[in-house]
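Enquirer: sequence and computational prediction follow.
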Amino acid sequence: MQTVNGTNSEIQISQLQTHKAEDFLVIEGVNKIYPTADGPYTVLDGVNLKVRESEFVCIIGHSGCGKSTLLNMVSGFNTPTDGVVMLQNKPITEPGPDRMMVFQNYCLLPWLSVFDNIYLAVDTVFPRKTQAEKRAIVKEHLAMVGLTEAADKKPSQISGGMKQRVAIARALSIRPQVLILDEPFGALDAITREELQEELLQIWREHRVTVLMITHDIDEALFLADRLVMMTNGPAARIGEVLNIPFARPRNRRRIMEDPQYYNLRNYALDFLYRRCAHLEE
Ligand SMILES: Nc1ncnc2c1ncn2[C@@H]1O[C@H](COP(=O)(O)OP(=O)(O)OP(=O)(O)O)[C@@H](O)[C@H]1O
């Protein structure tokens with residue numbers, strides 16, 4: 001074995017670590033068939049994807065192609081008909097606090113305050129921590145999303161953007177390894193959406209959490225992701241192509257939009273979604 005600046009064992013260890021980092025989350029040969037009144041309905045057919053630790057991956061595809069079905073298998077709320085989804089070499093068979101989901105419709109408990117919505121999650125996952133420790137975690141995460149002042153408000157008293165900040169803070173407060181976002185900003189106005197994208201990038205940078213995010217917005221994906229996974233149309237959808245997004249981080253929206261590569265990538269993705277994914281299906 002060739003050695004460079006070190007012993008054989010050092011190189012073997014670094015190779016192992018590289019291998020492990022690349023195989024952090026593995027989706028392998030996944031098919032999903034739903035039984036329906038009209039017979040079996042194949043939603044996903046042969047989906048394979050490897051996600052590195054701390055990677056930010058966006059998933060795009062036409063409505064109904066099976067994006068949520070796929071991410072629900074990562075969260076453990078759904079299971080593949082064939083194939084396997086593994087996190088750090090362990091098959092995912094059920095939901096767990098190592099994988100947290102954030103949905104478009106926030107899913108906050110309306111009768112609890114902002115503070116208590118997060119506290120409930122922290123208390124459930126860390127029952128042995130003291131009350132003071134749990135309150136400190138909640139405060140830290142409220143501050144992270146700029147909502148310290150809104151701690152005592154009920155969800156009905158805050159805006160959609162604030163609700164989504166609470167949902168993100170709640171998801172991160174239990175320190176998941178994977179953050180799964182299902183169109184999290186789909187219901188927000190354009191300005192709030194851009195603000196939250198910036199905040200999400202900052203949080204991701206600080207927490208180094210692995211992110212899987214469904215979006216319908218190519219610009220959002222180009223701003224946020226390391227890779228954009230483009231799915232073919234359903235039924236029997238699969239991953240058509242994966243686009244590497246090369247922009248340096250930290251990203252500046254204006255700067256990347258001035259980069260000629262931006263429009264090449266954007267046009268490439270649009271072409272895939274509106275022309276080639278249909279062709280692939282044929
Ligand atoms: N439990 C189920 N039984 C039968 N069919 C289902 C079930 N769940 C989802 N489907 C169907 O599977 C397909 C994929 O649904 P899914 O929600 O995963 O798509 P999606 O790409 O996330 O859609 P959207 O972008 O509109 O949210 C759809 O045709 C849906 O109707």
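Expert: Looks like it came in fine. Keep in mind that what you see is a predicted model, and the values were worked out from it rather than measured.
Enquirer: use CA for all of it now, contacts and neighbours both
Expert: OK.
Enquirer: and the gap between Phe185 and Leu212?
Expert: From Phe185 over to Leu212 the distance is 14 Å, taken as C-alpha to C-alpha, to the nearest Å.
Enquirer: how about Ile203?
Expert: Counting by C-alpha to C-alpha - Ile203 and Leu212 are separated by 14 Å.
Enquirer: quick revisit: more neighbours: which of Phe185 and Leu212?
Expert: Phe185 (27 against 22; other C-alpha atoms under 10 Å).
Enquirer: measure the more buried one to Met213 for me?
Expert: 10 Å.
Enquirer: which strands or helices does the helix or strand harbouring Pro40 pack on?
Expert: Here Pro40 sits within strand 39-51, counting by DSSP states H and E. In terms of contacts (3 or more C-alpha pairs under 8 Å, 6 or more residues apart in numbering; DSSP states H and E), strand 39-51 is packed against strand 25-36.
Enquirer: what about the longest helix in this structure?
Expert: In terms of residue count, the longest helix belonging to the chain (DSSP state H) is helix 190-207.
Enquirer: and that one, which residues are buried?
Expert: Arg193, Glu194, Leu196, Gln197, Glu198, Glu199, Leu200, Leu201, Ile203, Trp204 (16 or more other C-alpha atoms under 10 Å).
Enquirer: what helices or strands is the helix or strand that it is followed by leaning on?
Expert: Using DSSP H and E, the helix or strand that follows helix 190-207 in sequence is strand 210-214. Counting contacts by 3+ C-alpha pairs under 8 Å, 6+ apart, strand 210-214 is packed against strand 56-60, helix 67-75, strand 178-182.
Enquirer: go again using 7 Å as the cut-off
Expert: When contacts are defined as 3 or more C-alpha pairs under 7 Å, 6 or more residues apart in numbering; DSSP states H and E, strand 210-214 sits against strand 56-60, strand 178-182.
Enquirer: so which of these comes closest to Val85?
Expert: Closest to Val85 of the helices and strands packed on strand 210-214 is strand 178-182 (C-alpha to C-alpha; 13.1 Å).
Enquirer: now the closest one against strand 210-214, angle please.
Expert: Following axes from the mean of the first three to the mean of the last three C-alpha atoms, to 10 degrees, one obtains 10 degrees for the angle between strand 178-182 and strand 210-214.
Enquirer: for strand 178-182, packing partners?
Expert: Checking 3+ C-alpha pairs under 7 Å, 6+ apart, strand 178-182 ends up next to strand 99-103, strand 210-214.
Enquirer: ranking those by burial, who's on top?
Expert: Stretch with highest mean neighbour count among those: strand 210-214 (a mean of 24; mean count of other C-alpha atoms under 10 Å).
Enquirer: now what about that strand, what contacts it?
Expert: Residues outside strand 210-214 that contact it (C-alpha atoms under 7 Å, 6 or more residues apart in numbering): 53-60, 67, 177-183.
Enquirer: if you set the cut-off to 6 Å instead, what comes out?
Expert: Around strand 210-214, the neighbours that count as contacts under C-alpha atoms under 6 Å, 6 or more residues apart in numbering are 53-59, 178-183.
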